[in-house]
Each structure stands twice: as structure tokens, then as C-alpha cells.
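**Student:** The amino acid sequence is not available; the structure is as follows:
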């Protein structure tokens, strides 16, 4: 048979395929091998690109068959790693028993079995270094637990010989409004003798006649809890609200009568071990301030009973060393016995209130800040020492010390311990915390990790129209102004510290069985655009067969294990994640702006947002003082990092305070050619070398800023660089000839989000429609050169763009998105052959086919249910119906997969490329036509090509449609226990309703214009 013998549609398809193969062959012949391999890996991502999951072993409900079954299913469906977490369940059920004790000989054999099975299946394993989370256990003694400082005050009259016990601080001194740290009700009001009180220092100062004038009051006093790291807040608190009170400067008041630092006497050496002060009191009235600390009492979150215990102290290495000794060494020994190497140890999310002290705080303060803090300790109780400004500077230094102790004492030490044993370290080190006010430097904490990680949640109504409205609040939407809370911080940390992977605990939720791959896609795309490129799905609970279905589940998290109804069809969704992850790990992130987040603590990065001074279409990173000082240099006018990241602008915070060392670094960067934007600094925020430090800041600023005042003069050249103050970032870039990196048509500018990566061979853009509606618009990319291609991560198809226009600075092409659809737009840097399509009078031609109806499959359908789950073996639907509208109990309350069958003929005139459009599907479908498997349809546009499978007559269509668990669970709720088909510990809400289910259609044949 020759080509001319083929039917017209088949001949057309053959010629199109041949043409595309020639183009692809020509491209492959000219493009670098790495780009050619990337094309292949996009279709079939490597195992290293597969997403992972949290694998919870709850209440010891574990056995070998369940371990093997889970891991085999993970490997088969496309999960490449697991994070093993052992825990109790917040809402344990007495109906589920038979668990093994954590760390018992039986448990250890199960653990070794799991490692061997994972190794056999090519699945990497990390282990959370705790039973429950964060870190702690029975091996943590009170002295190495989290600590809070306390102070007591006593006024004595001299001269006299004082030899008496000093009053102990109150157990709740300064913590009257604590409400949020884990388990606080169990420990906050314990008597001091049960809280391991220990002394730090004792100082005294002359008592002024008007003592009230020596203490902060009014508005200044309201800032004291935040400035001393004692302000409790929930994890709903925004980063700017956490940082704001600490950045609000204390101003001196005319009525202030500050205590002179030189008049404060250090009496610490005169305090006996039993708390007696032996002091020859000078004449006059003296105020004695005793500073000590108690354990917070915070305990590990929902641990197995056998590893319940105190949480570690976060500001000292002792706690993590004990954790490693008592748990880490055991886990490593068993891994070695199993002949398997763990990938990493994990420290799950910091959720431990606001520890603010450590036994070595004064020593660490002197190390980090360079002066003795002892005379300023009364400031912690609100005394004004030196002046309001001096006191504010001391508290700045105190909070910075707390942050440094956390970053180095815990996270750096944890990394050292894991690296010594050949493991990586993974930390969810910057919240969102149970207390949003912990004095941490989130970027610095994350920078100590090989695998920096955050988390993102699903909103309670995220899949509903209006369910992500910011007016609903974070507790409902789980977004801040439309973005995830900490993922941009994690991505920035990865970029500025040179980590290739930015990880997220993904899809955490208080919803139960309400999600499927279709509803998980848009949250995933949002996280991708924020910079996440490693998903750890939260969560998969190990499922024993004897526990039934849906089985025993963790109380929070999208249930994602072999017991969910749609598990047999989940593979394509996991492949989608792998394709996206793989491309978003290539090359380097492209950003124009690097924001310096300042020197204070707490120091957090807010969600991804559009800076009004920058506008849409640009991306950015955020850095801290450590990275600015140690890693940032200048090359060819760009701000660069040693790992290859580079930026056009460095933007300073809107603050007149800047540490001397930062001011000196800014001078060096501008002199070397950097462009810096921000106000002229006037003073150092700290107390070291005060007031000389302020004079040095002003001297350096005078050189760099010159006559720039932000009003009359907005720019100044210095060395090979320049500074701007008062100009918008967008105007600065525009004047440099730099437009937006990605610019959709203005009318729909807020519909699409993007992220851009660049390799030596290509520019790779990921563009996502985050809206539940279709959109078609022209999109401009700041790329000139290679012909653009569209890579579809759902199908794996990569095709050349048929129509585009190149300007002096941009490539413009029409893009069309179904609801929540996303594409990669790839610009190879090497020239490739392409088919050119001229512009029409009205603009560019479409790069996507137009679909017109060819036929609708109306009439009756045969539907087969699984009788084991209550449905009829076979029934007839006169038309496509929602299962919940049917009169049969077994269909109305059916959960699982039903198969729709229909025979149909292709109407006359339906030729060319044809697609089967399923219409509305609740919630996922697999399609077979004439015996050929056409795959899983799990997201918009809910269609599959059938051109080469159709017959003129007698087509046999089979569609497996799977819904969600709640319908059967609700049906079983009204049945006697002996008649129920489901078994689980999770109780649905009393007002839970049946979910629309089944193939709702209309099911149509569509003709494609391309």
C-alpha cells in the first residue's frame, strides 16, 4: 500500500507526523545533546524526578504485608521517596488495635524490612528524627529542653550586709497571655520547683525616686512582649505582623529617667547555689533583678507513648546531640544491618512556641554581638537602661542572638551530625510555626539544610467557586492574598544558599476524602510558580488490610494511599508532578530583583506578591544579612551568587537602620558595579561600638548616596555602580531597557502565574492558569532567538509553536488554557527549523485547535458497579445521571469505580482529527475504545484523541469513572455496624453532604481544526 492508498484523514495524519518527525530530527541534529535528552526525559521523567510522600506509621498499626503492599504500589504509581514518620494519632480510635511499640524489637524488624523493600523497589527513604514531631523524647532532661527566661525584683536599703535568699521569679513572669504553644495547658501553671528553674545572672542598680520613670509605659510597653520574644501568636499571623512590632523604634520621652549602664552592678558571683545573695549593700535604695530560666515544658507533638517526652532546647546543640545519640544512632544501626543507606534525617516543622533562652545565652551573646549584655538584662522587664534607644538596640541584639543560636545551635549542628554519617538533612525550619513570633531568621535556618522545606495547605473550600476569596481569611483559604504562606521563603532560601531543591510538605488539609488529582492540580501549580520543585505529598498513612477501607488515617492531610478510591488511576497525576519537577530543576531560576530583608529578628519572608514598585511580570528572591555579607558579589553589573544565580537590582528595606558591616558591603557592591535601590542609612540598629557605629554608617552612606535624598535627587553614581532612592523599580528597569519577563495581555494579567528557569540550551517558562475558567490571550516572553515550543506536562507532548511574533525585546505568542491548565513554553537557544505561519490581519493565528461538535453520545448507557461495594453488578442509565440523584441506595451511596459502556457509530461527515470530550467527570476516568486503552483523563480539558481508534460503525466505548469515599461513608453512617462496608477512624462532619458522582457529560465527539 502506498501513501496515496490511505484514506484522506489517515493520509493527512501520516503527512503531519512525518513533517513533525523531520522537524524534530532537524532540531535534534542541531540542538545540544542535553536538550535532546531533556525532551526524552520530559516524556518519561527519571526516577529522581518523582515526587515523594510522608509515610505515617500511626499507633504502631504496621505489619510486613502492609509495608510491602504500600511500597510496591508507590513504586508502580510513581512515588520515588518516602519520609517515614512514626506517631500516635491525634484522634486515636479504640476500634483499631494490635499496634507494635515504637523502637521495640518487633518495630525494629519492621523498620529493617521497610528499608530492604524500599531498596528493592528503588524508593529512597528519609526518616523523621522523632516519634511525633518536632524533636524530643524521654531522653531530653529538663536542662536541655526549651527554656523561657524569668525575672524577679527586690528593693533593698543600704548600707547593710545582705545575706538572704532572693525571691524566685513567678513561674509565669511575663507570660500572662500565652495561649498557643503545644500542650501549654499541661505545663504553663506548674509550680516553679517542677520547672527546673536555673539562674543566669543577678544585677543591681540604684533605685530612682520615681521608679515609674525608669520603665516603659503606654504604647512603648505594648511592644515589650514582641521585642523580648514573649508575644504569643498563632501560625495564622502574617510575616509582616510578626516582624512589625520589633521594627517599631522606641523613641526617648522627656519624662524618661533611664538607668545608667555604668551604675548597674553585676552580683552574679555573689549568688550561692541555693539562691542566697551575699552582698555588702552600698548606701541608698537598690533594685536587685534576678534573671533565670525555666523549661517551657513543651512536649513532643502526638508521640507514641514510649517516646513521649520534652521537646528539645532549640538554642543549644545539646538537645539535637541527645536526639541523635538516642534515636539517630539506633536508626542508622538498623539501616546498616539491613544493608541499606538512608537518604536523610528530617526535622519536621518547627511548632514549639517561642523558646527564648538557653543556659549559655550570655556566652553566645558575647560571641555573636561582641559585648557583655549583663548590664542590660533589666530591659527584659521593661526598665530603660541608658535610654529608650539604647534599650531598643540591646533588644535588637538579644533577638538576633536568639536567632543565631537557633540557626547554629540547632540547625547547623543537626547538619553536622547527619553529614558526619553520610546523610543529608531536611528541615522544615521556618514555619508556619505554632507561635508566629519565634525570633528566628527563617532564611538562615533553611540555609543550614540540604533539603530546605516548607509546607502548603488546601483551603477548606478551595475547589469551590469563591472558596479562595481572601475575605474568607487564612483559616479557610489557607492562602495569604492568594499565595501560600512560606513557599516563597523556602524557594528563596534554596536559591540564595545554592540548594537545587526547594521542597514542600504538599496538600496538607483538614478535608477528608474531598480531593482528587483534578482538585490537587491547581494548588500544585501555584506552588510550582512560587518556586517549589520537590513535592512531599502529605500524607500517606500505612494501610493494613485488616483495618478495612478507607482504613486508619492521620487526622490531617490529603489521604493519598492505596486505599483511596482513585488510587488505581493516580499514575498520570504523579507523572505530571514528575515532569514539572524535572523541568523546574533545570538550570537556574530567573529573577530580576534581590530584596535584602534586613538585619532584625524575627526575620521572615512573606508570600509571593507583586511589589507595587515593580509591577507584574517580574520575579524576585529575598536574602538575609548572612548571604549578603558572605555570598553576594558583582559581575558585569549584576548581583551574583557563587552558585550562578544573578539579579539586576538589589533592593534595601525601607529603614534608616543598617549594620555597619552591611553598609560597608553595600559600598563595596556599588563600587564594583551593582545597582542598589533604597533609602540612605543613618544608623546601626545594634549597640556594639555605639555611638561610633552610627558615625561609620553615616560616613559610608555619604560616599555611596552622595547628594541623593530620595526627593530632589533620586540617583547617584558611585564607582562603577549606582544607587537609587525614590524611583520605582519598574522605571529603573525600563530605563535600562528591561521589560517584564512575562507579560500576558493586560485584560487577563491576573489570571496567569509563571516561573522561569534558564539553562545553557534553553529558556523554560512554566505558565499556569490558576482560575477555574478557560482563557485565551497573547503572552509576551522576554526572549529572542529560538523558536518557541509548547510542552504539555499532562500529556507529555512537546510541539513547535505555529504562530508567534518577535520584537526587539520579546517573543509574543497566543496561548489558550482550559480551566486550571498549565504549559511549559520552551525557547531553545539554538536555531531550529520551523514551519512559519503568517499573521492574519487581526493578529497572530491560534496555536491551539478550535473544537467543533461532531456528535453527542446520547441515549442509554450500561453501567457496571462493584457489588462488593453495594452497587448493582449492571444497570441501565437512560441518560447520564449523577449517582446521588438515583433512587437506588447502592448507587446513591456508592464509592468506587463504575464502568460505563456504549456502542455508537460515527456520523457521516465526521472526519479529520476527532476527540472524545467527557464533559463533567466526578472525579476521574479511564477510557477504552474498541479495546484500546486511551489512558486516564483526570483534569481539564477532559478529552482524549480517538482519531486512530474510531471505526465508522460499531464502536465500543468503556469509561471507568471513580468518585470519592464520602458517599459510602455517609451511607454507612446510618447502617448498623454489621452492615457497613467501610471502616475508618475518621468521622465526617455532621452536616456532610453527598458529593456529585459519576459521568455527568455531555459526552461528545469533537472535530479539531488542527
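**Tutor:** Nice, thanks for sending it over. Note that the structure is predicted; figures quoted are calculated from it, not measured.

**Student:** Tell me how many other residues crowd residue 853.
**Tutor:** Burial measure for residue 853: 12 neighbouring residues, criterion other CB atoms under 10 Å. (C-beta placed from N, C-alpha, C; glycine too.)

**Student:** With the one 10 residues further on instead?
**Tutor:** Other residues near residue 863 come to 24 when the count uses other CB under 10 Å.

**Student:** shouldn't it be in contact with residue 900?
**Tutor:** Yes. Counting by CB atoms under 8 Å, residue 863 does reach residue 900; the two are 5.5 Å apart.

**Student:** what do these two both touch?
**Tutor:** residue 877 (CB atoms under 8 Å, 6 or more residues apart in numbering).

**Student:** which residues are in contact with stretch 510-520?
**Tutor:** By CB under 8 Å, 6+ apart, the residues outside stretch 510-520 that reach it are 458, 460, 462-463, 507, 509, 550, 553, 556, 558-559, 564-566, 569-570, 572-573, 576, 921, 923-924, 938-940, 964-966, 969, 986, 988, 995.

**Student:** While we're on residue 12, how confident is the model there?
**Tutor:** On pLDDT, residue 12 comes in at 39.

**Student:** measure residue 275 to residue 166 for me?
**Tutor:** From residue 275 across to residue 166, the span is 6 Å (CB to CB, to the nearest Å).

**Student:** what comes up buried for stretch 708-726?
**Tutor:** Residues 708, 715, 716, 718, 719, 721, 722, 723, 724, 725 are the ones in stretch 708-726 that count as buried (16 or more other CB atoms under 10 Å).

**Student:** which one of these sits closest to residue 741?
**Tutor:** Of all the buried residues of stretch 708-726, residue 741 sits closest to residue 724, with 20.1 Å by CB to CB.

**Student:** How about that closest one, nearest residue that isn't a chain neighbour?
**Tutor:** Counting by CB to CB, 6 or more residues apart in numbering, the nearest residue to residue 724 once its immediate chain neighbours are dropped is residue 677, at 4.6 Å.

**Student:** Report how many residues lie close to the one you found.
**Tutor:** Each residue near residue 677 was counted by other CB under 10 Å, and the total is 21.

**Student:** hmm, back to that, tell me which two of the buried residues of stretch 708-726 sit farthest apart.
**Tutor:** Top of the distance list for the buried residues of stretch 708-726 (CB to CB): 719 and 725, 16.9 Å.

**Student:** about what we covered before: quick one: which of the contacts of stretch 510-520 sit in helices?
**Tutor:** Mapping the contacts of stretch 510-520 onto helices (DSSP state H) picks out 572, 573, 576, 966, 969.

**Student:** hmm, which two among these are most spread apart?
**Tutor:** Pairwise distances across the ones in helices among the contacts of stretch 510-520 peak at 27.9 Å for 576 and 969 (criterion: CB to CB).

**Student:** so who does residue 689 touch?
**Tutor:** Shown in contact with residue 689 (CB under 8 Å, 6+ apart): 370, 660, 696.

**Student:** sorry, that was for residue 565
**Tutor:** Counting by CB under 8 Å, 6+ apart, residue 565 makes contact with 513, 895, 896, 897, 962, 963, 964, 965.

**Student:** For residue 129, grab phi and psi.
**Tutor:** In terms of degrees, to the nearest 10, the main-chain angles of residue 129 are phi -80, psi 60.

**Student:** ok, for it, nearest residue in space, not its chain neighbours?
**Tutor:** Spatial nearest neighbour of residue 129, chain neighbours left out: residue 345 (4.7 Å); criterion: CB to CB, 6+ apart.
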